[in-house]
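# Next input, structure requested:
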Amino acid sequence: MVEEASDDQSSNKSSTGLERKRVCIFCQKKISPSYTDLATLKRFMTERAKILGRGRSGVCSKHQRAVAKNIKYARHLSLLPFVPQV
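Residues are numbered from 1 along each chain as shown. This is a model prediction of the structure:
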């Protein structure tokens, strides 16, 4: 019975350790984020109009800073909402 439990635990460890590394979509397509591309910027926002973090969005640190800056710029130009739509 103990051996069966150890087999289950080892199989769980191997299945969770096989995650693929995320590739930044901006690096992959060799483009940079723009405040005019609203469809792309909305991918990096939650339903509550918050900017997603780098771990959730899957972009590199260089492009994460650019995404955040462009989202904020688009908000000031009234292209994106500061608060969610009700």
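# quick one: the residue nearest the centre of the chain from residue 78, how far?
Centrality entry for the chain: nearest residue to the mean C-alpha point is residue 57, 0.6 Å, by C-alpha atoms, centre = their mean. Distance of residue 57 to residue 78, given as C-beta to C-beta, to the nearest Å: 23 Å. C-beta coordinates here come from the backbone N, C-alpha and C atoms, glycine included.
# same question, residue 51
Here residue 51 is placed at a distance of 17 Å from residue 78 (C-beta to C-beta).
# So these two - more neighbours on which side?
Neighbours were tallied for residue 51 and for residue 78 using other C-beta atoms under 10 Å; the higher tally belongs to residue 51 (16 against 8).
# The more buried one reaches residue 45, doesn't it?
Yes - the pair residue 51 and residue 45 passes the contact test of C-beta atoms under 8 Å, sitting 6.0 Å apart.
# joint contacts of those two?
Common neighbours of residue 51 and residue 45, using C-beta atoms under 8 Å, 6 or more residues apart in numbering, are residue 71.
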